[in-house]
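J.: prediction below, plus the sequence it came from.
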2 protein chains.
Amino acid sequence: MARRVRMSDIADALGVSRTTVSRVLSGKAAPFRIATETAERILKEAERRGYQPSQLARGLRTAFSRTIGLLVSDISNPFFANIAWAAEQSAEQKGFAVIVGSSGEDLKRERAYVANLMSRGVDGLIVAPAGPDYEHLAELQRDGFPFVLLDRVFEDLECDWVVVENQGAARALCEALLDRGCERLAFLGGRMETSTARLRLEGYRAALRGRRLPFDPEMVHLGDFSVDSGRKGAEQLLKLPVPPDGIFCANNKILFGCLDRFASAPAEPWRMLPIASFDETPFMKVLGRPLIVAAQPEHAIGARAVELLTHRILSGPPGSPRMNKPFNHLLLNTEQKRFGI
Amino acid sequence: MARRVRMSDIADALGVSRTTVSRVLSGKAAPFRIATETAERILKEAERRGYQPSQLARGLRTAFSRTIGLLVSDISNPFFANIAWAAEQSAEQKGFAVIVGSSGEDLKRERAYVANLMSRGVDGLIVAPAGPDYEHLAELQRDGFPFVLLDRVFEDLECDWVVVENQGAARALCEALLDRGCERLAFLGGRMETSTARLRLEGYRAALRGRRLPFDPEMVHLGDFSVDSGRKGAEQLLKLPVPPDGIFCANNKILFGCLDRFASAPAEPWRMLPIASFDETPFMKVLGRPLIVAAQPEHAIGARAVELLTHRILSGPPGSPRMNKPFNHLLLNTEQKRFGI
DNA sequence: TCGCCTTGCGCACTCGATTGTGCATCACTT
DNA sequence: AAGTGATGCACAATCGAGTGCGCAAGGCGA
């Protein structure tokens, strides 16, 4: 393999020292009074040879890599994939690179990933934590290492986060179904180790309470945020003596699974049961069945997470002036859409 | 920030040298005849302090980071998101970490990403190239740097790759529509800078030829692999004096866009027009309209790409014995499914 | 007691870049 | 001619870990 070009290659070729090359290439020619002519020779030679600084060496020396780690719980979920995409674009603008990882809702993998990213010298982390444990994050917090929680939070962990108003949105979705005349509302919930799942359940319960409707555990399936969990939830509902007349799915994958199961169920009442769900995807509009969805602003979520994080990174090393507010909490709103109704 | 634990911390605490610590922690105690008791003290202390080696330092010194870069063209496409997920799992098994990036089908971003990943000392790359230029990849090739192409290939670039049999699958999809009685088949194609898009177009043409049907440019829309391109394609079809009686979409996003546009089109004939498409997603089964899809084996694709790459990485530095075949080309098959038909 | 071999471990250099300090050289003043 | 101040750049240490080489201490036979 043709060796990568190093600073010393350029320095040797031009008969100057690595020091000078380094200073010119990092734009510090002026403060160190490097002659304009020298600087130009160096820049030209670097260009000619296609010099790319080693981020390894630079990161090692400066302890600053202009890289952030984004650890989502499930990259195969379009919600997180979209966030990842938004985060990358947003970070690029700010001169940061993003390393994306996916824990697969597995706490062990999450821990390993955090350690790995740290050892790669990332300057900060954005994490959608699998829960329920968050000691590894609390440690970051104690160390003053910049990180931002995404989509999910922990009550006792004081830090920056970006989430949507899950309980309110869930309640609104359920109320929309109730307004439509539903009286027996089922809930297919997600991974209860996450605040997101818990708050969406709370929203569901609040909606029921608001209408003085009973909470029936049999109408509730608590699994995880997977397609398969949606199938299982649907399966449970299919067995009920009296079927529900409306369903609330905690996320898009659960909705997929639920619909999948109903596709092979008796048409009545399952095929046209109105459903509400989080996470709009392009298909929903053309699904041909009553659907109410809360669209999460993925782009904004990703962008704001990056913004919060880079701000914290750049606002300096520990000991520097505190920000006005010690922590930034961003509650973004969802947008409700109705299809086939 | 509490300093990360370094080797020298452990060495100092135990009164041994860094050398010894390094040897023990990298499992080379025996060949260097480190006393078992010393080794155990070191291991215990490392454990107690939660030592995590700096990948920066290690990578710098050894030029081997056990990390691979995965650069997809669009992470927000579930097809690539699923591949990313598969690749991560597969790499983890082999002791490699994955850094995921998304070029957004932008050649400039792709080039920048490749440079960035290289400068981070990745041991190899998996790339779904945006095209049409691939000089940056040819350079990797010349340098003997390990990489694998994903989903898309370049005729003149001799290297490892993993793709599906695009032309055959596209032809089969079209023929399935033709078998169903379609006679005016439209094609909504993708980014023609990619082999994938070109081969799918070829498959479409081959299917037409096979039935002695004319190729009508008005029935063909060549955009990119985006939802919006699908909308535009549908728009074009809506304007035709004689509508098509079947449509082939080159990927899932195009299909989304197409369906989206048709959702607000006259029911006849647009709402029930049979459509064929690549890339199955969970929704399709419950779409309630005739659909034929080719499911790509994303998990296998991701896994095999990682396998090829790690093999090339580990099969040693340049000069080591060549593999039997200079390059590995993996043609995976798609699986055809029909919904609502 | 003198070599010699084994056991156990450390010195010092290296990877590629950044950075505090220092040191020529030259112009110009007094 | 000596002193002063800019100008332009290099030396050498540093980040954290890996590694070739070598050296001290102890055991053993002669």
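T.: Structure received.
J.: and residue A:9, how close does it get to residue A:29?
T.: From residue A:9 across to residue A:29, the span is 19 Å (CB to CB, to the nearest Å). For every residue, glycine as well, the C-beta is placed using N, CA and C.
J.: the helices in the stretch 201-341 of chain A, which residues?
T.: A:227-238, A:252-263, A:267-270, A:298-314 (DSSP state H, counting those that start in this stretch).
J.: which residues does residue A:185 bridge with?
T.: Residue A:185 has these beta-bridge partners by DSSP bridges: residue A:246.
J.: in this structure it contacts residue A:177, no?
T.: Yes: here residue A:185 lies in contact with residue A:177, judged by CB atoms under 8 Å, at a distance of 5.9 Å.
J.: mutual contacts of those two, please.
T.: Common neighbours of residue A:185 and residue A:177, using CB atoms under 8 Å, 6 or more residues apart in numbering or on different chains, are A:246, A:248.
J.: give me the element residue A:152 is part of.
T.: Counting by DSSP states H and E, no helix or strand carries residue A:152.
J.: what's near enough to touch it?
T.: A:73, A:128, A:129, A:131, A:163, A:194, A:195, A:196.
J.: list just the nearest of these to residue B:203.
T.: residue A:73 (37.2 Å; CB to CB).
J.: for that closest one, list the residues it contacts.
T.: Applying CB under 8 Å, 6+ apart, the residues contacting residue A:73 are A:80, A:102-105, A:110, A:128-130, A:151-152, A:194, A:225.
J.: now with 6 Å, please.
T.: Residues in contact with residue A:73 (CB atoms under 6 Å, 6 or more residues apart in numbering or on different chains) are A:103, A:105, A:128, A:130.
J.: reformat those as TSV; add pLDDT.
T.: Below are those laid out as TSV (pLDDT from 0 to 100):
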residue	pLDDT
A:103	95
A:105	97
A:128	98
A:130	97
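J.: out of those residues, which comes closest to residue A:237?
T.: Out of those, the member with the shortest distance to residue A:237 (by CB to CB) is residue A:105, at 23.2 Å.
J.: just the strands in the stretch 151-300 of chain A please.
T.: Counting by DSSP state E, counting those that start in this stretch, the stretch 151-300 of chain A has strands at residues A:160-164, A:185-189, A:220-222, A:246-249, A:275-278, A:291-295.
J.: any idea which of those strands is most buried?
T.: Of all these, strand A:246-249 has the most neighbours on average by mean count of other CB atoms under 10 Å in any protein chain shown, namely a mean of 29.
J.: I'd assumed residue A:161 was in contact with residue A:149.
T.: Yes: assessed by CB atoms under 6 Å, residue A:149 is found in contact with residue A:161 at 3.8 Å.
J.: state the distance from the residue lying closest to residue A:243 once chain neighbours are set aside to residue A:184.
T.: Of all residues not flanking residue A:243 in the chain, residue A:269 sits nearest, at 5.6 Å (CB to CB, 6 or more residues apart in numbering or on different chains). Remark: distance between residue A:269 and residue A:184 (CB to CB) = 11 Å.
J.: please say which of those two ends up with more neighbours.
T.: residue A:184 (15 against 12; other CB atoms under 10 Å in any protein chain shown).
J.: in this structure the more buried one contacts residue A:243, no?
T.: No: Residue A:184 is not in contact with residue A:243 according to CB under 6 Å; the separation is 7.6 Å.
J.: quick check: residues of chain A near DNA strand D?
T.: A:15-20, A:32-35, A:38, A:57, A:60-61, A:63 (CB under 7 Å from any atom of the strand).
J.: now with 10 Å, please.
T.: A:11, A:14-24, A:29-39, A:41-42, A:56-63, A:119, A:121 (CB under 10 Å from any atom of the strand).
J.: so which of those are in helices?
T.: Among the residues of chain A next to DNA strand D, the ones falling in helices (DSSP state H) are A:11, A:14, A:18-24, A:36-39, A:41-42, A:56-62, A:119.
J.: just the buried ones from those residues?
T.: With burial judged by 16 or more other CB atoms under 10 Å in any protein chain shown, the buried subset of these is A:11, A:14, A:20-24, A:39, A:41-42, A:56-60, A:119.
J.: farthest-separated two in the residues you listed?
T.: A:41 and A:119 (37.9 Å).
J.: turn the contacts of residue A:73 into a markdown table, including distance to residue B:219 and secondary structure.
T.: Shown next, in a markdown table, are these (distance: CB to CB, whole Å; DSSP: H, G, I helix; E, B strand; the rest coil):
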| residue | distance to residue B:219 | secondary structure |
| --- | --- | --- |
| A:103 | 45 | coil |
| A:105 | 44 | coil |
| A:128 | 44 | coil |
| A:130 | 48 | coil |
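J.: by neighbours, which of those residues wins?
T.: That'd be residue A:128 among these, by other CB under 10 Å, with 27 neighbours.
J.: so that one touches residue A:149, yeah?
T.: No: between residue A:128 and residue A:149 there is no contact under CB under 6 Å: 7.5 Å.
J.: buried set for the helix or strand bottoming out on mean pLDDT in chain A?
T.: Lowest by mean pLDDT, DSSP states H and E among the helices and strands of chain A is strand A:329-332, with a mean of 74. Of all the residues in strand A:329-332, those buried under the rule 16+ other CB under 10 Å are residue A:330.
J.: can you list the strands that it pairs with?
T.: strand A:160-164 (parallel).
J.: so which residues on the stretch 51-200 of chain A come close to chain B?
T.: Neighbours of chain B within the stretch 51-200 of chain A, by CB under 6 Å from any CB of the partner chain: A:52, A:54-57, A:59-60, A:75-76, A:78, A:81-82, A:84-85, A:88, A:97, A:99-100, A:102, A:115-116, A:119-121, A:143-145.
J.: PyMOL command for the buried members of those residues?
T.: Buried residues among these (16+ other CB under 10 Å), as a PyMOL selection:
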select buried, chain A and resi 54+55+56+57+59+60+75+76+78+81+82+84+85+88+97+99+100+102+116+119+120+121+145
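J.: neighbours around residue A:25, how many?
T.: 17.
J.: and it, how close does it get to residue A:148?
T.: In this structure, residue A:25 and residue A:148 are 32 Å apart, going by CB to CB.
J.: distance between the ends of stretch A:156-163?
T.: Start and end residues of stretch A:156-163 are separated by 16 Å (CA to CA, to the nearest Å).
J.: which residues does it contact?
T.: In contact with stretch A:156-163 (CB under 6 Å, 6+ apart) are residues A:134, A:141, A:148-151, A:153, A:301, A:304-305, A:308, A:327-330.
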